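Q: Need a 3D model of the sequence below.
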Amino acid sequence: MKKEIKFTACEHLDFSDNYAAKKELISSGDTTKVCWNRPVIDESFPKLVQFCKKRGRMNNPEYCLCEKNKGCSDYRDFEHTVEIDMD
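A: Purely as a prediction, here's the structure:
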């Protein structure tokens, strides 16, 4: 079953299906947003990340979900609509 999630985050975050990671819900403040859960073999590598169209993988699931946690000076608010599998 798929669920549609709408939330505000940086316009450059990438939630396309181009990755070997799975979209996962994350609580950010008082709202639910989306990050990526990567299949990693070595636990020293981050599992929960964000992907940016400008800067690639960011090793923190909170990066760019709001201006306070922006990863660069290119942050711009944008309303994302993301479909996520609810297995």
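Q: how about the strands in this protein?
A: All strands of the chain, identified by DSSP state E, fall at 2-10, 22-28, 31-37, 48-52, 56-58, 77-85.
Q: Return the set of residues that bridge with residue 83.
A: For residue 83, the residues forming beta bridges with it (DSSP bridges) are residue 4.
Q: quick one: it and residue 16 touch, right?
A: No - in terms of CB atoms under 8 Å, residue 83 does not count as a neighbour of residue 16; the distance is 10.8 Å. For every residue, glycine as well, the C-beta is placed using N, CA and C.
Q: give me every residue that touches the residue nearest to the spatial centre of the chain.
A: To find the centre residue of the chain, average its C-alpha atoms and take the closest one (CA atoms, centre = their mean): that gives residue 35, at 3.0 Å. For residue 35, the residues meeting the contact criterion (CB atoms under 8 Å, 6 or more residues apart in numbering) are 23-24, 26, 48-50, 61-62, 65.
Q: May I have the strands that pair with the worst-scoring helix or strand of the chain on mean pLDDT, each with its orientation?
A: Per-element confidence for the chain was summarised using mean pLDDT, DSSP states H and E. The lowest value among helices and strands belongs to strand 22-28, with a mean of 93. According to DSSP bridges, the neighbouring strands of strand 22-28, each with its direction, are strand 31-37 (antiparallel).
Q: for the partner strand, what is the average pLDDT?
A: Mean pLDDT, strand 31-37: 96.
Q: List the buried residues for that strand?
A: Within strand 31-37, the residues scored as buried using 16 or more other CB atoms under 10 Å are 33-36.
Q: Thanks a lot, catch you later.
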